[in-house]
Structure formats: C-alpha cells, structure tokens
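1. Have a look at this prediction, sequence included:
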Amino acid sequence: MNPIPAAFTEQQLPPWRRAVLKVGSSLLAADGGGLSPLYAEALAGFVRASQAQGREVVIVSSGAVAAGRAILSAGLPPGAAMAERQALAALGQARLTGFWQGFFKRPVAQVLLTHDDLRNRRRYLNARATLQALLRHRALPVVNENDTVSVDELKLGDNDNLAAIVAALVDAEVLFIATDIDGLYDADPRVEPHAQPMPVVARMSASLLAVAGGAGSSVGTGGMRTKLEAAQRAASAGIATVLFNGRRADVLEGLAHDRLRGTRIHALRTRVAARKHWLQNAPGEAGAAVVVDTGAGNAMIEKGASLLPGGVISVQGDFRRGDLVEIVCDDGGAIERIARGVTQYSADDIRRLARRHSRDIEATLGYNYGENIVHRDDMVLV
C-alpha cells in the first residue's frame, strides 16, 4: 500500500496575463489506452475560465503516440523501431487536435515544433510571430513536438522543456505543468512515507534535481526531473513555474481563481531583465550593424521606439533575418553605438528598405515580416 503524502497548503498566485499549460500523456490517456476526457475536461475548464477573464493560454500537449496506438488495433509491440513510434504519432496527431477542439468553442490551432525550430533564430521568429497572431485572433494554440521527425522527444519526453521554451517564445508570465502528483516533495512520496511537500522553491539546485525520480507512467515518457529541468529553464527566462496535480478537479478550480495547492518555483529575474540580459551578452554577427539617423536614434533612446525603415541610413556587413546586430547612430559623421537587437530582415533586405516607409515593405521586397527592422522588444540600449 502506497503511503499517503502530506497535503499542500493553499497559496495565492500573482496575477498573470499569458501562460503556457503543459499536459502530459498520463493525464490524457487516463486508462493507458486512447485519449480520455477523464482529466482533460477539468484542465480544459481551467483554460476556459482563464480565457473568460481575458487571459491567454497556450497548451503544450503530449498524447499523439497514445492516440495513434489506440487507432491501430495491433498496438505497438515491445521494442518497436523508432519509425513505428513516429508513425503512431503521425496517426494520432490529428485525433489529438480534434480531442482538444471538443472542449472549446473558439478555434484550436495545431502547432508542431522541433527544438531545431526554436534554436534557429529565423525559425524562432517565425514561430513566435505565428503564435502571437493566433492569440490575437483568439485561437487556442495547441503545441506539440513534431514527433514524426523528432527523435529526442520520443526518447526523452522533452515536452516539458519544450513547454518552457514556448513560454519564453510567447512572453508568458507563468508556466503551468500538470502532473499526476500534488507537487514537489523533498523525497519520492510514492515510496517515502515521511516526504514533505515543498510549496515554494525560491531557486532551483542540483540537490532538488537529484530528488526527482524517473517516469511514473506507462504512457508518458517524462518524469519529475524533466519538469524541474523545464522549471529551471523557465526561471532563467524570467518565468515562474507552477506544478500541480492535473487529476484533481478541485485543484484546477482553485487555479482558475489564482489559488494554488502545489509547488510554485520562482523566476530568477523579471522577464524583461532576462530578455535584456540575453540581448546584452549574446554574441552578435561579426561586423554587422545598421546605421540610423539622429531622429531614429533619439526615438529609440528617449521614447523606447522600434527601428523603422525610414530611420535607416545604411547597413554594414552581411547578416540574415534573426541575427543579432549592432545599431549605430550617424550624427553628422560621428558614429555612436546606441543599441543592439534581433533584426527582422536580412542585410540585403534592409539596404533595399533604407529610407522607405513601412507601408512600402511588401511592394519593395515582395513579402513582409512586419513594419519594424528591429522591434523594441528585441532591442536593448547600450
């Protein structure tokens, strides 16, 4: 008989505007087979309640392989090749999206990503723009690892870390990770009768990671350790993480009113500070710079404005969309470095756009990545 762990006390969560909710296979394939609404209904209820309050939620959902397994009556034999598992993911992905759509009146959008998509700055920008556009249109993005081409997800259960990356991608304030236990304990509560709940974690540490066990479910591929690794990643990006029991409807009802019975892991710094730190310290493209006039320079410095094409004088070096470049101001021949940021356009594109109005971008290039050369959210003054 498993010991009954000590209960978590209720705590108040800070207000938030945008969040990522990660849901694993153990909560969606509740009977070890296909997708089940047993726990998903309450999870969806939390999302609906949040949306009704004017908040935005992105779901990162596992479950495609479990859904595909239920489609094939033969199932997945033990030790099946990776290609077989990826085939199940391909079969199950449409069913997983339809499963989530069944809980919502607003449209659900399927977004499949790999870690390569998010490590490549250009693809990162494209993914961010797509997710932000979906949220503007009041759609519910459901993100999953692209299992049909990604080996790492199926081996490592890395949707937890994917959720942390997506949280940073969409500028979320909080990452909610639904688990099958009440939160983080100082020992494994399934085997240690005196395990004590940890309602608040101020900072992640190696000792906490050592406490985390492996996967506890036959259908999921992750465990508490990957959830803590995800929390560590989110914390470094200025995002708090909340671990809670996704099988308890009362816990989800409380979450809808910012009351938590679970574990809250603090961010290391604010989201803005984390973003600015990266922009200040990440290596830029060697010799790459956008030269702007004093009007554009003053607007960026004094008003926190984005850089528009009309303020660009010239371009130095060669770089691609998504590269980190210097921004320098030409004040009558005196060149001063004033900022650095992630460019929305390549060097060749910016040369063609220099001194033009933003409305002329598409007519000039034949495409449009937005009205800004460098958006203020992707810029730091130096």
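-> Yes, it's here. Here the structure is a predicted model, which means the values were calculated and not measured.
2. Tell me which residues touch residue 347, please.
-> By CB atoms under 8 Å, 6 or more residues apart in numbering, the residues touching residue 347 are 288, 315, 317-320. The way it works is simple: take the backbone N, C-alpha and C, and place the C-beta from them, glycine included.
3. Kindly report the same for residue 13.
-> Residue 13 touches 174, 242, 255, 258-260, 264, counting by CB under 8 Å, 6+ apart.
4. Pop out the phi and psi values for it.
-> phi -90, psi 150 (degrees, to the nearest 10).
5. please begin residue numbering at 17 from this point
-> Okay, using 17 as the starting number, the last item reads as residue 29.
6. what about residue 192, how many neighbours?
-> 31 (other CB atoms under 10 Å).
7. who does the helix or strand encompassing it pair up with?
-> Using DSSP states H and E, residue 192 sits in strand 190-195. Neighbouring strands of strand 190-195 in its sheet, by DSSP bridges, are strand 34-39 (parallel), strand 256-261 (parallel).
8. Now those strands in TSV, please, with extra columns for mean pLDDT, mean neighbour count and distance to residue 70.
-> Formatted as TSV, the strands paired with strand 190-195 follow (pLDDT from 0 to 100; neighbours: other CB atoms under 10 Å; distance: least, CB to CB, whole Å):
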stretch	mean pLDDT	mean neighbour count	distance to residue 70
strand 34-39	98	25	11
strand 256-261	97	24	19
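9. Which residues outside stretch 64-71 are in contact with it?
-> Residues contacting stretch 64-71 (CB under 8 Å, 6+ apart): 32-35, 72-73, 119-120, 122, 156, 272.
10. Could you identify the buried members of the contacts of residue 363?
-> 304, 331, 335 (16 or more other CB atoms under 10 Å).
11. what kind of secondary structure is the second one in?
-> Meaning residue 331. Judged by DSSP: H, G, I helix; E, B strand; the rest coil, the three-state class of residue 331 is strand.
12. ok, now which ones touch it?
-> Counted by CB under 8 Å, 6+ apart, residue 331 has contacts 305-307, 363, 366-367, 370.
13. how much space between it and residue 380?
-> Note on residue 331: its distance to residue 380, by CB to CB, to the nearest Å, is 15 Å.
14. Low-confidence bits of this protein, can you list those?
-> Applying pLDDT under 70 to the chain picks out residues 17-19, 46-49, 89-97, 131, 135, 163, 166-173, 229-238.
15. out of the contacts of residue 363, what pair is the most spread apart?
-> Of all pairs drawn from the contacts of residue 363, the widest gap by CB to CB lies between 331 and 336 and measures 12.3 Å.
16. Tell me, how many residues neighbour the closest residue in space to residue 184 that isn't next to it in sequence?
-> Distance criterion CB to CB, 6 or more residues apart in numbering; nearest residue to residue 184, sequence neighbours excluded, is residue 253 at 4.1 Å. When neighbours are defined as other CB under 10 Å, residue 253 has 22 of them.
17. ok, back up a step: could you export the strands paired with strand 190-195 to CSV, including columns for distance to residue 239?
-> Below are these laid out as CSV (distance: least, CB to CB, whole Å):
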stretch, distance to residue 239
strand 34-39, 13
strand 256-261, 12
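18. Just give me the residue right at the centre of the chain.
-> Centroid-nearest residue in the chain, with CA atoms, centre = their mean: residue 182, separated by 1.1 Å.
19. sorry, back to before: any chance of the contacts of residue 29 in a markdown table, plus secondary structure?
-> Listed next are those as a markdown table, based on three-state DSSP:
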| residue | secondary structure |
| --- | --- |
| 190 | strand |
| 258 | strand |
| 271 | helix |
| 274 | coil |
| 275 | strand |
| 276 | strand |
| 280 | strand |
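20. Closest one to residue 219 out of those residues, please.
-> residue 280 (12.4 Å).
21. Make sure that closest one is actually in contact with residue 258.
-> Yes - with contact defined as CB atoms under 8 Å, residue 280 counts as touching residue 258 (5.5 Å).
22. ok so, going back, now the strand holding residue 192, how far from the chain's geometric center?
-> Offset of strand 190-195 from its chain centre (CA atoms, centre = their mean, to the nearest Å): 11 Å.
23. Give me the contact list for it.
-> In contact with strand 190-195 (CB under 8 Å, 6+ apart) are residues 29, 32, 35-40, 43, 59, 176, 179-180, 183, 240, 243, 246-247, 250, 255-262, 271.
24. mind running it again at 7 Å?
-> Strand 190-195 is contacted by residues 32, 35-40, 43, 59, 176, 179-180, 183, 243, 246, 250, 255-262 when judged by CB atoms under 7 Å, 6 or more residues apart in numbering.
25. about what we covered before: between the contacts of residue 363, which is nearest residue 348?
-> Looking across these and measuring by CB to CB, the closest to residue 348 is residue 331, at 19.3 Å.
26. now the closest one, which residues is it bridged with?
-> residue 306.
27. still on that earlier bit, distance to residue 147 for the buried ones among the contacts of residue 363 - can I get that in JSON lines?
-> Shown next, in JSON lines, are the buried ones among the contacts of residue 363 (distance: CB to CB, whole Å):
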{"residue": "304", "distance to residue 147": "27"}
{"residue": "331", "distance to residue 147": "29"}
{"residue": "335", "distance to residue 147": "24"}
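28. residues touching residue 311, list them.
-> Here residue 311 is in contact with residue 327 (CB under 7 Å, 6+ apart).
29. one more time with 10 Å
-> Residues near residue 311 by CB atoms under 10 Å, 6 or more residues apart in numbering: 326-327, 345.
30. and what of residue 350?
-> residue 310.
31. For it, give the beta-bridge partners.
-> Going by DSSP bridges, residue 350 forms beta bridges with residue 347.
32. what's the distance between it and residue 199?
-> Distance from residue 350 to residue 199, by CB to CB: 58 Å.
33. do the same with residue 324
-> When residue 324 is compared with residue 199 (using CB to CB), they lie 47 Å apart.
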